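> Output the structure for:
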Amino acid sequence: MGNGDSRVRGIAARAGGWSARHRWAAVGIWVLFVVLAMGLGSAAGRVDVKDSDQLKGETHTAARIIEDAGIEEPASETVLVQAKDDGLKATDAEFRQAVEAVVEAVEGTGEVTDVTSPYDTRTISEDGRSALVQFDISGDSDTAGERVEPVLKAVEGVQKDHDALRIEEIGGASMMKTFDDAFGDDFQKAEYSAVPVALGILLIAFGALVAALLPVLLAITAIMATMGLMGVVSHVMPMSDTANSVMLLVGLAVGVDYCLFYLRREREEREAGRDAQTALRIAAATSGRAIVVSGVTVCVAMAGMLFTGLAEFEAMGLASLMVVAVAMVGSVTVLPALLSLLGERVEKGRIPFLRRRSTAGGGGSRFWTAVLKGVLAKPVVSVVVAAGTLLAIAVPALGMKTQQLTLDQEFGDSLPIVQTYNRLNEAFPGGSEPAEVVVKADDINAPEVKSALADFRERAISSGASRGPVEIKLHDERNIAFVYVPLVGGSDLDKAGASLDKLRDDVRPATLGKVDGVEAPITGQVAGSKDFNDQLAGAVVPVFAFVVVFAFALMLLSFRSLTIALTSIVLNLLSVGAAYGILVGVFQHGWGASLVGAEGVGAIVTWLPLFLFVILFGLSMDYHVFVVSRIREARLRGRTTKDAITHGVVTTAGVVTSAAVIMVAVFAIFGTLSMQSMKQMGVGLAAAVLIDATIIRGVLLPAVMALLGERNWYLPKWLHRLPDLTHDEEPEPLAPTARDDEGEPVRV
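Numbers count the residues shown, from 1 in each chain. Have a look, this model is predicted:
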């Protein structure tokens, strides 16, 4: 091919060309953008999602009432005093002495308020072996975990003096401290280790330090800029720590991938004999366009989370969308400028024991060449076997059970506090996570309101929803009362949910519901889980429809092929279904669960299926767009459909494999964390990416395209008026006119 100029169209090609010609300006603009974004974000500060905005429904109403009243609910703590055998009872002198010692010890710390004795509040178990000392941590509940240490030590001191008893503390503050101590470093290590892992894989892929550093540096700068932008945007749509973690994951994954696609294509063209300017122009017109198509598709998928109505999901969706957009822009602007500046120096820092694999002459992966030979020889068999395997893997997903994980499900027995949680729930079902009724009245002390509160307390127990004790805490000056109801079912969310339904549907209407002007939303952990599930269930159809429809439209416009658009959607759904099946098999049914430390979970965390669908549908488009773009490019250059498929898959195998290995490695890191919800996310993402990069792109996609032949490029005449978002590729030397398998000119 000659190195002369040729006409190119498209944003990516023009952006790449401008950046290569004005390389210092492009680099300067990018650095200025990152610095300004970080500066603006730092100046603006970040607004996080409020509790009152987390959910809709009764949980939201209760949080709004509390917030409007200006009530700061303190972090409540409980000390479980329990006999180790059946010989000692709460009425015995030794037991009473231990309870008095606990009360005296916690009051002596100066960090607690409202200490109550079980002999006053009747918080003694039915068998008489267990009792609860309850109190609040003084000060702000959000920072109570930082002040609970002296109280925990005081309780430990009492335990040392009473060997016949278990004296253990549990509550919001102690759990906050335990989790921060156990898992704060865990998350930090996972996030920090992701970058070295990605860099190590890129070193193997490129064999040169400078080439490996470019994708990582661009991904990091994209993440830094997005963190700043999140601060600015949070004043319109609040953000969260979870959104920050998801943004880091997605940003590193797509940022490295996009640069990898671009850089590998530029190197390939250089090795094929093109000069630096032409190689960059080809990379911009081909890989650059694939990055733009993929990036826009991923952004659309992430935008699906904005339709859930859940503040946490909306924050995750917007943060992910922003980091993908920033990484995409950086890949098609500053990366060409850096490559133009570096020239041959991109090969600096070559690793001696890693041989440079040549891609000149259209070479590619020997492994995938061998696989494709078999796939294209028998495409029907390949489709049946591959699709059948994925459908079989997806079958367990039909029985998926979703729920908010309880403490013992989330952490197993890895923490002592989990054992305390289990003992407390066994002795006082629902005591660790009571339902909270927030009662608002014009006059909370009015006779009819007091009578309704008493009736509610009585009926809550007589209805079977609770075994008591039901505690009422009045805020007279604000005309609000809190009613705490331990639910029958305890940590079994199905049974506890049935108890909650009794309170909401039967007990409340018959008591508080009869008093005019009284609001009584019921909140708490079980209620929050139910409201979250209900809202999420209502969001599934619109989110799925939005993502699928818009992804289909983008693929249709980008490739001007109805067939490509349809097969893209079907293959992506098959990939997601298989990931769901693996999740259910491992975490719900326990198949191979011990390999990832997930014994006994028995359910999938509620938010994960929809989250995985959105993330996976977006990320899988990376590979699909990249591979199909290369196949289409080869077809336009005159190869037969079968040859184009072979060329496209084989020549992209290296970069797709490298990108997939990076993603799998980064996601797998999160699969090693102690929290089961993070394990589920890590395993689900890693499994889906692995399936997508191997079975889908390496077997099913080429087999399906081989069966379809020229029908791959089918576009009905009535759709010819659609905008043309295709691009002009650089011609190869003496390129013949593209013809179909019968020798007729092809219109792609």
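> In terms of helices and strands, where is Ile569?
Using DSSP states H and E, Ile569 maps to helix 562-583.
> Mind checking the pLDDT average for that helix?
On average, the pLDDT along helix 562-583 is 93.
> for it, the distance to its chain's centre please.
Distance of helix 562-583 from the chain centroid (CA atoms, centre = their mean, to the nearest Å) equals 19 Å.
> What is the next helix or strand after it packed up against?
Counting by DSSP H and E, the next helix or strand C-terminal to helix 562-583 is strand 604-605. Contacts defined by 3 or more CB pairs under 8 Å, 6 or more residues apart in numbering; DSSP states H and E place strand 604-605 against strand 402-403, helix 676-691. For the C-beta atoms, the positions are set from N, CA and C on the backbone; glycine is no exception.
> What pairs with the shortest one, parallel or antiparallel?
Based on DSSP bridges, the strands next to strand 402-403 in the sheet, each with its direction, are strand 604-605 (parallel).
> ok, and what's touching the partner strand?
Residues outside strand 604-605 that contact it (CB atoms under 8 Å, 6 or more residues apart in numbering) are 400-405, 583-584, 587-588, 676-677, 680.
> follow-up on the earlier one: tilt between the helix holding Ile569 and helix 676-691?
Angle, helix 562-583 to helix 676-691, by axes from the mean of the first three to the mean of the last three CA atoms, to 10 degrees: 140 degrees.
> From Asp505, how far off is the nearest residue to Gly489 once chain neighbours are set aside?
Spatial nearest neighbour of Gly489, excluding adjacent residues (CB to CB, 6 or more residues apart in numbering): Lys495 at 2.9 Å. Counting by CB to CB, to the nearest Å, the separation of Lys495 from Asp505 is 16 Å.
> ok so, going back, ok, so of the contacts of strand 604-605, who is nearest Thr123?
Thr123 lies nearest to Gln404 out of the contacts of strand 604-605, by CB to CB, at 25.7 Å.
> surely that closest one meets Gly524?
No: taking CB atoms under 8 Å as the definition, Gln404 is not a contact partner of Gly524, at 11.7 Å.
> Please say which of the two ends up with more neighbours.
Between Gln404 and Gly524, Gly524 has the larger neighbour count (other CB atoms under 10 Å), namely 23 against 19.
> that older thread, could you tell me the least trusted of the helices and strands packed on strand 604-605?
Minimum mean pLDDT among the helices and strands packed on strand 604-605: strand 402-403, a mean of 82.
> how about the helix or strand just after it as PDB, C-alpha atoms only?
Using DSSP H and E, the helix or strand that follows strand 402-403 in sequence is helix 407-411. The C-alpha coordinates for helix 407-411 follow below in PDB (Å, rounded to 0.1, in the frame of the first residue of the first chain):
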ATOM      1  CA  LEU A 407     -24.800 -10.800  58.100                       C
ATOM      2  CA  ASP A 408     -24.100 -14.500  58.400                       C
ATOM      3  CA  GLN A 409     -24.600 -15.000  54.600                       C
ATOM      4  CA  GLU A 410     -22.400 -12.000  53.800                       C
ATOM      5  CA  PHE A 411     -19.400 -12.900  56.000                       C
END
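> going forward, begin numbering at 255 instead of 1
Fine by me, first position is 255 from now on; the one you just mentioned is helix 661-665.
> who's in contact with helix 661-665?
Residues from elsewhere that reach helix 661-665 (CB under 8 Å, 6+ apart): 429, 671-672, 675-676, 686, 745, 854-857, 928-931.
> quick one, the helix or strand where Thr643 lies and helix 930-945 angle?
Using DSSP H and E, the element containing Thr643 is helix 633-648. Helix 633-648 and helix 930-945 are oriented at 180 degrees to each other (the same axes, to 10 degrees).
> For helix 633-648, buried residues please.
Going by neighbour count (16 or more other CB atoms under 10 Å), the buried part of helix 633-648 is 633, 636-637, 639-641, 644, 647-648.
> got it, and stretch 351-370?
Buried residues in stretch 351-370 (16+ other CB under 10 Å): 352-353, 355-357, 359-360, 363, 365-366, 369.
> start to end distance for that stretch?
15 Å (CA to CA, to the nearest Å).
> which residues touch that stretch?
Taking CB under 8 Å, 6+ apart as the rule, stretch 351-370 contacts 328, 331, 333, 335, 344, 371-373, 377, 385, 387-392, 401-402, 404-405, 408-409, 411-412, 415-416, 419, 421.
> Which of these fall in helices?
Using DSSP state H, the members of the contacts of stretch 351-370 that fall in helices are 372-373, 404-405, 408-409, 411-412.
> Look at Ala624 and say how many residues are nearby.
Using other CB under 10 Å: Ala624 sits among 11 other residues.
> what's the distance between it and Val943?
Distance, Ala624 to Val943, using CB to CB: 23 Å.
> cool, Val802 as well?
To Val943, Val802 is 20 Å away according to CB to CB.
> pLDDT averaged over stretch 426-433 - what is it?
On average, stretch 426-433 scores 82.
> pull the CA atoms of that stretch into CSV?
Output of stretch 426-433 as CSV, limited to C-alpha atoms (Å, rounded to 0.1, in the frame of the first residue of the first chain):
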residue,chain,number,x,y,z
GLY,A,426,-24.4,-0.6,64.5
ALA,A,427,-21.2,1.0,65.8
SER,A,428,-19.5,-2.3,66.7
MET,A,429,-20.4,-3.8,63.3
MET,A,430,-19.1,-0.6,61.6
LYS,A,431,-15.8,-0.9,63.4
THR,A,432,-15.4,-4.6,62.8
PHE,A,433,-16.2,-4.3,59.0
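> ok, and for stretch 278-292, which residues are buried?
Buried positions in stretch 278-292, judged by neighbour count with 16+ other CB under 10 Å: 280-281, 284, 287-288, 291-292.
> Let me see the mean pLDDT of the helix or strand hosting Ser574.
Per DSSP H and E, Ser574 falls inside helix 565-586. The pLDDT scores in helix 565-586 average 91.
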